[in-house]
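In: build me a model:
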Amino acid sequence: MADFDLPPQALKLIGRAFTREMIVGELEQAGLEVPADDKEVIIAWVQHLAHEFDPTDNPFSRDSLLMGLTSGGIGFLQDNNLLSDALKRSLLLNVLNVDADPLMQALLSRVLRETQMVANVIERRELDDVEEVINKEHIKIVFVDAFRYGIDQTSQLVQRLTATRDYLQFVLFTDVRRLLETCPTLPRELANCVALDKNIAIKDFRAAVNGAIEAVRARFPGLLREARADSKDLVGRIVGNRLRIIEVVGRGGQATIYRADHLLMNRQCAVKVPSDEVMSDPDQSARFLREAKLASAVQHPNIVSVFDFGTDDKGTTFMAMELVDGKPLDELLEDSGGTLPVSEVMGYARGIAAGLAAIHAMGLVHRDLKPGNVLLHKTGDGRVIPKLSDFGFAIGPESIGGARLTMEGIVVGTIKYLSPEQGQAKPVDHRADIFSFAMMLYRLITGKVPFDDDNVAQALLKRIREPAPPIRKLKPDLEINDEFEKILLKMLEKNPEDRPDSAMAVVASMDKALGFERKY
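Out: Coordinates of the predicted model:
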């Protein structure tokens, strides 16, 4: 089925059910060239779908696909597991709430987030970056107060943004009486919008919002649906009766991370869902829930906050945590060519040390400290806050769920960063984290970890038997002094008894050695 044409009627029906934007997004996600001609765009997409539908390229399967697309549209794709993540996101009812009145905005957002059909609610006070938000968040509905922002400005905004977006509708959430008194004859762009009166009685408000959503939904050219309840893909579903899944933000062998709306807490969060393989293994599934218990027990600005976890009535196990706006430290390191300036490293070190101090104070040991488990959160005022994450290998008091699951004699942690006692599968305390912390700092400054070897056994033997090489032996031009290097090498002592006892005290000593004035 290398080349084929589509009947004119099929082209027409597919064009009605799917927008060009949706189809182009599908081709781009599949890494396929996007033709300039609309007809060729549809044909290229159907060819791609046909191969996904039946890799043998059976002509009869192609006929079935065409029948399904022209009669069932999006529903057919969903029933046959042909909906991509990009298309699912384009189908979610993501809403933008633009209002300078904080009380009315909060009221509307709360009701919208409790509405089954709405996937995500974004708030803005001004119109300046509305188009950017619409593009980034796949917004389908914009609630805006035309009276407050001005009839002319709002009308121009609606006209400009809807001209090239089939799946964008505006709702005028405004004082309708004052709006009509000001302008008895509304511009055509606003007259065609659904209106929601701000003066409606509170007892009728929820029903009015739902009615507005239904009215807008009826105007879309295609069918907007949530994911099937029995689908393993969670995008569009509500997990645990409180977490509406918006999109996938990360995927690994052990778990998938989603962005979600926590309907009860009225906030966005990250949701970690373990893979079927993890949940089918009793030890791994127990470790996942144990990780959630341990992480939720510690609340600190330098630790990724976990505030909800459990298993819902559909058997989906989940962990809801703070949504971090930023990348892991290892990605920053790679983007920066493998090393970071000493002053920047010390900035991260202070936050990491504070996080370690918090978990050590509760009797926890992380046991897997590495750059990939430090997330760099960007705040609204431009600051970057390092946050410790992933407590999958952590141990701690049984009173907070930290009973040991690892069998004696089993090495846990990441080889490049683990301590000598971990490498020998010996009991560990918080000073194992001090060693791993030093390994991280060494790597951030020099681009290498000491005791490294392609052979895992040799790497473990080196850290057990050999002293760590001085930093300036690897990078003589580093802006550090003898005292700083002495402190770092002390953290890498073989015997835990010979290492510093406190991460915060260590970093304070390093700052003093380098002449950095910081309050602790």
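In: show me the strands in the stretch 301-450 of the chain, by range?
Out: For the stretch 301-450 of the chain, strands defined by DSSP state E, counting those that start in this stretch occupy the ranges 306-311, 317-321, 374-378, 384-388.
In: what's the most buried one of the ones you listed?
Out: Most buried of these, by mean neighbour count (mean count of other Cβ atoms under 10 Å): strand 317-321, with a mean of 23. All C-beta spots, glycine's among them, are computed from the backbone N, C-alpha and C.
In: okay, now Ala163: neighbour count?
Out: 9 (other Cβ atoms under 10 Å).
In: just Thr56 next, same as before
Out: Neighbours of Thr56 (other Cβ under 10 Å): 7.
In: which SS class is it?
Out: coil (DSSP: H, G, I helix; E, B strand; the rest coil).
In: need the pLDDT of it.
Out: You'll see Thr56 listed with a pLDDT of 72.
In: quick check: Gln268 is in a strand.
Out: Yes: assignment of Gln268 by three-state DSSP places it within a strand.
In: distance of it from His262?
Out: 7 Å (Cβ to Cβ, to the nearest Å).
In: ok, Val133 next?
Out: If you measure Val133 against His262 using Cβ to Cβ, the figure is 20 Å.
In: ditto for Arg463
Out: Separation of Arg463 from His262 (Cβ to Cβ) stands at 42 Å.
In: neighbour count: these two, which is higher?
Out: When Arg463 and His262 are compared for neighbours, Arg463 comes out ahead with 28 against 19, by other Cβ under 10 Å.
In: host element of the more buried one?
Out: Per DSSP states H and E, Arg463 falls inside helix 456-465.
In: nearest residue to the middle of the chain?
Out: Taking Cα atoms, centre = their mean as the criterion, Val249 is the residue nearest the geometric centre of the chain, at 4.0 Å.
In: note down every partner strand of the host helix or strand of that residue and its orientation.
Out: Using DSSP H and E, Val249 maps to strand 243-251. The strands that strand 243-251 pairs with in its sheet are strand 238-239 (antiparallel), strand 255-262 (antiparallel) (by DSSP bridges).
In: save those as TSV, and put in mean pLDDT and distance to Ala513 too.
Out: Below are these laid out as TSV (pLDDT from 0 to 100; distance: least, Cβ to Cβ, whole Å):
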stretch	mean pLDDT	distance to Ala513
strand 238-239	84	49
strand 255-262	88	38
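In: got TSV for the ones you listed, with distance to Leu329 too?
Out: TSV is the format used below for the strands paired with strand 243-251 (distance: least, Cβ to Cβ, whole Å):
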stretch	distance to Leu329
strand 238-239	29
strand 255-262	17
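In: can you list contacts of stretch 165-182?
Out: With Cβ atoms under 8 Å, 6 or more residues apart in numbering as the test, stretch 165-182 has contacts from 19, 21-22, 90, 97, 99, 104, 108, 134, 139-148, 151, 154, 158, 161-162, 186, 190, 193-199, 212, 216, 219-222.
In: if we can go back for a sec, list the buried ones in the helix or strand following the helix holding Arg463?
Out: The helix or strand immediately downstream of helix 456-465 is helix 471-474, counting by DSSP H and E. Residues Ile471 are the ones in helix 471-474 that count as buried (16 or more other Cβ atoms under 10 Å).
In: contacting residues around helix 471-474?
Out: With Cβ under 8 Å, 6+ apart as the test, helix 471-474 has contacts from 442, 445-446, 448, 478, 480, 485, 488.
In: Serialize the residues you listed to CSV and add fields for distance to Asp498.
Out: Listed next are the contacts of helix 471-474 as CSV, based on distance: Cβ to Cβ, whole Å:
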residue, distance to Asp498
Tyr442, 17
Ile445, 22
Thr446, 22
Lys448, 23
Leu478, 24
Ile480, 21
Glu485, 16
Leu488, 14
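In: let me know the closest of those to Arg499.
Out: Nearest to Arg499 out of the contacts of helix 471-474 is Leu488 (Cβ to Cβ; 11.1 Å).
In: hang on, that closest one packs against Ala438?
Out: Yes: Leu488 is within contact range of Ala438, at 5.7 Å (criterion: Cβ atoms under 8 Å).
In: more neighbours: which of these two?
Out: Ranked by neighbour count (other Cβ under 10 Å), Leu488 and Ala438 place Ala438 first, with 27 against 22.
In: which residue is the nearest non-sequential neighbour of that one?
Out: In this structure, Ala438 finds its nearest non-sequential neighbour in Met491, 3.5 Å apart by Cβ to Cβ, 6 or more residues apart in numbering.
In: residue contacts, the one you found?
Out: Contact analysis of Met491 by Cβ under 8 Å, 6+ apart lists 434-435, 437-438, 499-500, 506.
In: and for Lys416?
Out: Counting by Cβ under 8 Å, 6+ apart, Lys416 touches 370, 439, 443, 449, 452, 459.
In: what pLDDT is listed against it?
Out: Lys416 carries a pLDDT value of 88.
In: roughly how far does it sit from Pro450?
Out: From Lys416 to Pro450 the distance is 10 Å (Cβ to Cβ).
In: over to Gln9. Which of the three states is it?
Out: Gln9 - assigned by three-state DSSP - is helix.
In: ditto for Ala119
Out: Following three-state DSSP, Ala119 is assigned to strand.
In: now do the contacts for the nearest residue to Gln299 once chain neighbours are set aside.
Out: In space, Gln299 comes closest to Ser305 once its chain neighbours are excluded; the distance is 6.2 Å by Cβ to Cβ, 6+ apart. Shown in contact with Ser305 (Cβ under 8 Å, 6+ apart): 299, 321-322.
In: ok, Ser285 next?
Out: Residues near Ser285 by Cβ under 8 Å, 6+ apart: 274, 278-279, 317.
In: now render the contacts of helix 471-474 as TSV, adding distance to His360 and pLDDT.
Out: Shown next, in TSV, are those (distance: Cβ to Cβ, whole Å; pLDDT from 0 to 100):
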residue	distance to His360	pLDDT
Tyr442	21	95
Ile445	23	94
Thr446	26	92
Lys448	27	90
Leu478	29	83
Ile480	26	87
Glu485	24	92
Leu488	19	95
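In: give me the common contacts of Lys416 and Pro450.
Out: Common contacts of Lys416 and Pro450, defined by Cβ under 8 Å, 6+ apart, comprise Met439.
In: break down the stretch 101-250 of the chain into its strands, ranges please.
Out: Using DSSP E, counting those that start in this stretch, the strands assigned to the stretch 101-250 of the chain run over residues 118-124, 139-144, 169-174, 194-197, 238-239, 243-251.
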